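Engineer: No sequence on hand, only this structure:
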């Protein structure tokens, strides 16, 4: 008898975990942005920038909130990236100035990847001194 509630609880948790995660929840903007962030954090490092850029390209292309949410609702990361590539190609063919400097989608993504890496680097490669009170070890060791 005591096992039935436990089994039901585990089944309920499993169902909740299985329902969330892989697809964008486009019921409203807040849930869409939250699910995009969760999906991005679960992706491989190589796909994160491409996914994020594709999502914001779709957002930029679809100004109307309802149209945007309908476009991304229920989409997986691969589908969002494919939509981003389509928008890139359309805009490049239309003469969109920012995209004319890139020959291909991959070249543009490589540039954004390099920019992200540069953003994450520390301004200097010098390691902080342990004795420096601003950056070093602040523990006090007493000799007894």
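Structural biologist: Sure thing, it's come through. These numbers were taken from a predicted model, which means no experiment stands behind them.
Engineer: tell me, what residue is most central in the protein?
Structural biologist: The centroid of the chain falls nearest to residue 40 when counting by CA atoms, centre = their mean (3.1 Å).
Engineer: list the contacts for it?
Structural biologist: The contact partners of residue 40, by CB atoms under 8 Å, 6 or more residues apart in numbering, come to 48, 51, 52. The C-beta positions use only the backbone N, C-alpha and C, and glycine is treated the same way.
Engineer: any weak-confidence spans in the chain?
Structural biologist: Applying pLDDT under 70 to the chain picks out residues 1, 5-21, 121-144.
Engineer: Could I get the full set of helices for it?
Structural biologist: With DSSP state H, the ranges of helices along the chain come out as 3-19, 29-42, 45-61, 65-72, 77-94, 97-100, 105-120.
Engineer: Pick the one among the contacts of residue 40 closest to residue 95.
Structural biologist: Proximity of the contacts of residue 40 to residue 95 (CB to CB) peaks at residue 52, which lies at 24.9 Å.
Engineer: Report the contact partners of the closest one.
Structural biologist: 36, 40.
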